[in-house]
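> Provided below for reference: sequence and predicted model.
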Number of protein chains: 2
Amino acid sequence: MEYGLVIVNTGNGKGKTTAALGVGLRAVGHGMKVLMLQFIKGSWHTGELDAVKRLEPYFRIVQLGQGFVKTKKGDQPEEVIENARVSWDYAKKEILSGLYDVIILDEINNMIDYGLLNIDDVVSVLKERPQKLNVVVTGRNAHDKIIDLADLVTEMREIKHPFKKGIRAQKGIEF
Amino acid sequence: MEYGLVIVNTGNGKGKTTAALGVGLRAVGHGMKVLMLQFIKGSWHTGELDAVKRLEPYFRIVQLGQGFVKTKKGDQPEEVIENARVSWDYAKKEILSGLYDVIILDEINNMIDYGLLNIDDVVSVLKERPQKLNVVVTGRNAHDKIIDLADLVTEMREIKHPFKKGIRAQKGIEF
């Protein structure tokens, strides 16, 4: 019997979501079923979704985070809090469903960091997950309790960034 | 006019190739043409190639490195040196062809690090590339001259690794 892993991609660098997407693509190639839940709206573009749609039904992407665009810490509007609750209920059902081999919780670290999700709730659902399920958690500032739970943690560190050189990145290339 | 970037994924952590694959997938979603050249044999599995094949002709993967499996630094057998030469000639033609929007040179850093490719040759071809072409360079120990040339460098740092916890990773999940 194989055990699913908890994989965390964190850090201030690029490639956290992109690497998770790559994990999903590889898993699909091995005949696994993949679900990507995007907790934060606006970090993905239509074109990217179109590419992944070619891989359906093996690779499903669901955009949660309606109304929640990247924001700052601190007090959040009531609708944002309510949306986070609905998003987490949805994620929880999918995590416990047994339907998938890989679930990517994209930018859930940020949600926890913003105080929109309760860390203990998230940890307890991850611990209760089906044994075979791999979970990939992305976003900056991964919580210590997530790190403790994880089997594999990679920190993406930014060394150089194109905007610092004043170059306009091509659409579709900037992570 | 947009300019292509040179993106480097390096470091001892996981996700260098996987993030590059994700960049390719996103680019395909934006209607770009992507070529991934794998310099080192054995780092990819059939299943992964099958997944990407669903994206052909937009995303092409070519396996170079026939006969070159991951190895150590130092003296290399003659056929390995010859194969590196042939692989680089192939890569060079593709880089200069103007046919692609994104070319991923997977694990080319290792080839340079092993002394199998000449760093100055690689840098000069990257500088001569078509203006629109984005190049993603992966592998450990990126050469300083590659870092200098790059627009975006991300270091993937391993914080935790599953084998350290004694858990056997599922096939298709380990990066």
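Perfect, thanks for sending it.
> who's A:L37 bridged to?
Under the criterion DSSP bridges, A:L37 forms beta bridges with A:V62, A:L105.
> roughly how far does it sit from B:V23?
Relative to B:V23, A:L37 is positioned 21 Å away (C-beta to C-beta, to the nearest Å). (C-beta placed from N, C-alpha, C; glycine too.)
> out of the two, which sits in the more crowded spot?
B:V23 (29 against 22; other C-beta atoms under 10 Å in any protein chain shown).
> anything in the helix or strand containing that one near chain A?
For B:V23, the element it lies in under DSSP states H and E is helix B:16-29. Yes: using C-beta under 8 Å from any C-beta of the partner chain, helix B:16-29 reaches chain A at B:17-23, B:25-29.
> how far off centre is the longest strand seen in chain A?
Assignment by DSSP state E gives strand A:152-160 as the longest strand of chain A. For strand A:152-160, the separation from the chain centroid amounts to 16 Å (computed by C-alpha atoms, centre = their mean, to the nearest Å).
> and stretch A:99-109, by the same measure?
Using C-alpha atoms, centre = their mean, the offset of stretch A:99-109 from its chain centre is 6 Å.
> please point out which parts of it sit buried.
The neighbour-count check on stretch A:99-109 (16 or more other C-beta atoms under 10 Å in any protein chain shown) flags A:100-109 as buried.
> quick one: A:N110 is in a strand?
No: going by DSSP: H, G, I helix; E, B strand; the rest coil, the assignment for A:N110 is helix, not a strand.
> any stretches of chain A with poor pLDDT?
Of all residues in chain A, those with pLDDT under 70 make up the ranges A:1, A:42-48, A:66-74, A:161-172, A:174-175.
> buried residues, stretch A:19-37. List them.
Buried, per 16+ other C-beta under 10 Å, within stretch A:19-37: A:19-30, A:32-37.
> any idea which residue sits dead centre in chain A?
Centroid-nearest residue in chain A: A:D106, 1.2 Å away (criterion: C-alpha atoms, centre = their mean).
> that one touches A:V23, doesn't it?
No: counting by C-beta atoms under 8 Å, A:V23 is not a contact partner of A:D106; they are 11.4 Å apart.
> would you map the strands across chain A?
Under DSSP E, chain A gives strands at A:6-10, A:34-38, A:59-63, A:102-106, A:134-138, A:152-160.
> do the longest one and chain B meet?
Yes: legend: contact between strand A:152-160 and chain B by C-beta under 8 Å from any C-beta is shown at A:152-160.
> look up the closest residue to A:F59, ignoring the ones flanking it.
A:V34 (4.6 Å; C-beta to C-beta, 6 or more residues apart in numbering or on different chains).
> ok, the one you found - contacts?
A:V34 sits next to A:24, A:27-28, A:58-60, A:100-104 when contact means C-beta atoms under 8 Å, 6 or more residues apart in numbering or on different chains.
> do that again at 6 Å, thanks
By C-beta atoms under 6 Å, 6 or more residues apart in numbering or on different chains, the contact set of A:V34 is A:24, A:27-28, A:59, A:102.
> ok, now A:L99?
Counting by C-beta under 6 Å, 6+ apart, A:L99 has no contacts.
> if we can go back for a sec, quick one: the residue nearest to the centre of chain A and chain B, what's the gap?
12 Å (C-beta to the nearest C-beta, to the nearest Å).
> cool, A:D89 as well?
26 Å.
> ok, now A:V136?
9 Å.
> same deal with A:V86?
For A:V86, the distance to chain B - C-beta to the nearest C-beta - is 27 Å.
> so what's the residue count around the nearest residue to that residue once chain neighbours are set aside?
Once flanking residues are discounted, A:V86 sits nearest to A:L64: 7.8 Å by C-beta to C-beta, 6+ apart. By the criterion of other C-beta under 10 Å, A:L64 has 23 neighbours.
> wait, A:L64 sits on A:D89?
No: between A:L64 and A:D89 there is no contact under C-beta atoms under 6 Å: 10.0 Å.
> tell me how far the ends of stretch A:135-144 are from each other?
17 Å (C-alpha to C-alpha, to the nearest Å).
> buried ones in it?
A:135-139, A:142-143.
> that older thread, can you redo the strands of chain A as CSV with distance to A:A51?
Putting these into CSV (distance: least, C-beta to C-beta, whole Å) gives the following:
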stretch, distance to A:A51
strand A:6-10, 19
strand A:34-38, 12
strand A:59-63, 10
strand A:102-106, 15
strand A:134-138, 18
strand A:152-160, 21
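> elements contacting the longest helix belonging to chain A?
For chain A, the helix that runs over the most residues, judged by DSSP state H, is helix A:78-96. Of the remaining helices and strands, none touches helix A:78-96 by 3 or more C-beta pairs under 6 Å, 6 or more residues apart in numbering or on different chains; DSSP states H and E.
> and the angle for it with strand A:34-38?
Interaxial angle of helix A:78-96 relative to strand A:34-38 (axes from the mean of the first three to the mean of the last three C-alpha atoms, to 10 degrees): 170 degrees.
> hey, C-alpha coordinates of helix A:78-96 in PDB?
Backbone C-alpha positions of helix A:78-96 (Å, rounded to 0.1, in the frame of the first residue of the first chain) are rendered in PDB as follows:
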ATOM      1  CA  GLU A  78     -17.900  39.900   5.800                       C
ATOM      2  CA  GLU A  79     -18.400  38.500   2.200                       C
ATOM      3  CA  VAL A  80     -14.800  37.500   2.100                       C
ATOM      4  CA  ILE A  81     -15.100  35.700   5.300                       C
ATOM      5  CA  GLU A  82     -18.200  34.000   4.200                       C
ATOM      6  CA  ASN A  83     -16.700  33.000   0.900                       C
ATOM      7  CA  ALA A  84     -13.600  31.500   2.600                       C
ATOM      8  CA  ARG A  85     -16.000  29.400   4.700                       C
ATOM      9  CA  VAL A  86     -17.900  28.200   1.600                       C
ATOM     10  CA  SER A  87     -14.600  27.500  -0.200                       C
ATOM     11  CA  TRP A  88     -13.200  25.500   2.700                       C
ATOM     12  CA  ASP A  89     -16.400  23.400   3.000                       C
ATOM     13  CA  TYR A  90     -16.100  22.600  -0.600                       C
ATOM     14  CA  ALA A  91     -12.400  21.700  -0.300                       C
ATOM     15  CA  LYS A  92     -13.100  19.600   2.800                       C
ATOM     16  CA  LYS A  93     -15.700  17.500   1.000                       C
ATOM     17  CA  GLU A  94     -13.400  16.900  -2.000                       C
ATOM     18  CA  ILE A  95     -10.500  16.000   0.300                       C
ATOM     19  CA  LEU A  96     -12.500  13.400   2.100                       C
END
